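S.K.: Structural data only, the sequence is not supplied:
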């Protein structure tokens, strides 16, 4: 990801263990000045680690650093063999995740309807600043 890039709140309904694609990240180059959130969690993924992110929940990223963020991103087709490799707790929490996902999507739509998208808010802020 290029320098000073900002990815506003959004969600990818298909990037979840509960759907068709599981997205894995292996950070290669990153920095503490990269702000990354999935839902309410601030995340710090370190180089060389393997991470699964449930990107069906709202997420955003802002690279405030002066270095390019580089991740190896792997999309894995979700099937029974893959699900067997995951912790049992993930299977047990599926219904709770689905309820939370629906609630997040609903709140995301309300927020954008009444307050505007992050991109619209940033544009308005720049216009006020002059």
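M.R.: Okay, I see it. Bear in mind the structure is a predicted one, so any value in this text is a computation, not a measurement.

S.K.: Can you pull the phi/psi pair for residue 106?
M.R.: Taking degrees, to the nearest 10, you get phi -70, psi -50 for the backbone angles of residue 106.

S.K.: Run a quick neighbour tally on it.
M.R.: Counted with other CB atoms under 10 Å, the neighbours of residue 106 add up to 10. C-beta here means a position set from N, CA and C on the backbone, and glycine is covered the same way.

S.K.: and if you look at the one 4 residues further on?
M.R.: With neighbours defined by other CB under 10 Å, the count for residue 110 comes to 10.

S.K.: cool, and residue 48?
M.R.: Neighbour tally, residue 48, other CB under 10 Å: 8.

S.K.: got any ranges where this structure has weak pLDDT?
M.R.: 118, 121-122, 124-126, 129-130 (pLDDT under 70).

S.K.: So which residues of it form helices?
M.R.: Assigned by DSSP state H, the chain shows helices spanning 80-85, 88-92, 94-115, 118-129.
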